[in-house]
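Enquirer: sequence and predicted model, in that order:
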Amino acid sequence: MKNIFITILFICNSSVVFAQDTVSKDVALIKAVVQYYHKALETKDKETALKLLSDDVLRQESGHLETAEEYKSHHLMSDMEFSAAVSGEREVIEAVVEGNIGWVVSSSSRIGEFRGREINSIGAELMLLKKENGSWKIRAIHWSSRKNN
């Protein structure tokens with residue numbers, strides 16, 4: 001009986017460790033997807049950026065909501081131009097995975113010039129990701145920023 005109990009305890013603990021390892025791996029993956037997305041914006045790599053977005057991605061910024069079609073057809077290029085022109089730093093505050101849904105919360109600061117305008121801002125970002133066919137994709141983007149006084 002003692003051996004059966006020890007065996008069951010070992011199996012249960014192994015399952016917990018395996019589940020924790022899977023979650024840790026997924027947390028690292030969603031952070032990487034967000035990092036690669038920002039890198040694609042900075043380098044104006046539209047093909048990579050689109051591969052990281054869900055087909056039905058939603059983007060919200062400054063009180064405006066854009067559908068996937070709206071964002072991909074015009075605003076994505078503007079985001080690429082901005083990211084390439086204005087240097088910045090991003091810090092991940094939190095990354096969480098629950099099942100097939102994950103989110104990454106980040107803060108940022110940007111200094112530079114864009115279209116003749118001086119930029120000195122701090123921002124917050126929330127990216128919601130969904131695991132689709134075994135791959136993490138960005139399902140929703142929320143950006144907000146303000147002047148850095």
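Expert: That came in fine, so what should we check first?
Enquirer: list the helices and strands the helix or strand harbouring Glu69 packs on?
Expert: Secondary structure assigned from DSSP states H and E places Glu69 in helix 68-70. Here helix 68-70 touches strand 53-61, going by 3 or more Cβ pairs under 8 Å, 6 or more residues apart in numbering; DSSP states H and E. Every C-beta, even on glycine, is put in place using the N, C-alpha and C of the backbone.
Enquirer: check which residues of the helix or strand following the strand it packs on are buried.
Expert: The element immediately downstream of strand 53-61 (helix or strand, assigned by DSSP H and E) is strand 64-66. By neighbour count on 16 or more other Cβ atoms under 10 Å, the buried set for strand 64-66 is Glu66.
Enquirer: what pairs with strand 64-66, parallel or antiparallel?
Expert: According to DSSP bridges, strand 64-66 forms sheet pairs with strand 53-61 (antiparallel).
Enquirer: which residues does the partner strand contact?
Expert: 37, 65-68, 71-72, 75, 130, 132, 137-144 (Cβ atoms under 8 Å, 6 or more residues apart in numbering).
Enquirer: before we move on, back to that, in the helix holding Glu69, what's buried?
Expert: Within helix 68-70, the residues scored as buried using 16+ other Cβ under 10 Å are Ala68.
Enquirer: burial count for Ser106?
Expert: A count of neighbours around Ser106, defined by other Cβ atoms under 10 Å, yields 20.
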